[in-house]
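Asks: A structural model of the following input is requested.
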Amino acid sequence: MAKARILVVDDEPNVLQVVASVLERAGYETTTALGPLRALEIITIRGAFDLVVSDVVMPEMCGPELAQQVRLLSPSSAVMLMSGCLTYAGQLLQGVPFLGKPFSPSDLLRSVDRVLRKSSVTQF
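Replies: Numbers count the residues shown, from 1 in each chain. Model (predicted):
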């Protein structure tokens, strides 16, 4: 069985690389986008991803806004948000999973697995 395709979005290159690296080591097919506008471009060109993992606080567009755009462009893509700034918790969309930073690799993988399992159940 093929591993899920995951798009990781963050405006911090180091965070982007660490998250992508953890997911790649776990066998996921991972693509990175340095910011939300690049993420939307990638989705438009490459099509749906099984999961989009995005930071919440970014300069061009916040994570919840990106999640809404992803839902419009690619309704089959699940979205999970992550942030170290909990003051933005009120901006999160209902039903969009959230992972607080900092997190361990095992926390990330557990959360991704949970979202993907839930997503595959709701798509059928």
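Asks: Identify each buried residue in the helix ranked longest in the chain, please.
Replies: Secondary structure of the chain per DSSP state H: the longest helix is helix 105-122. By 16 or more other C-beta atoms under 10 Å, the buried positions in helix 105-122 come out as 108-109, 111-112, 115-116, 119. For the C-beta atoms, the positions are set from N, CA and C on the backbone; glycine is no exception.
Asks: Just name whatever secondary elements it is in contact with.
Replies: Using 3 or more C-beta pairs under 8 Å, 6 or more residues apart in numbering; DSSP states H and E as the contact test, the elements touching helix 105-122 are helix 13-25, strand 51-55, strand 78-83, strand 98-100.
Asks: And for it, what's in contact with it?
Replies: Here helix 105-122 makes contact (C-beta atoms under 8 Å, 6 or more residues apart in numbering) with 4, 6, 19, 22-23, 26, 28, 50-51, 53, 78, 80, 97, 99, 103.
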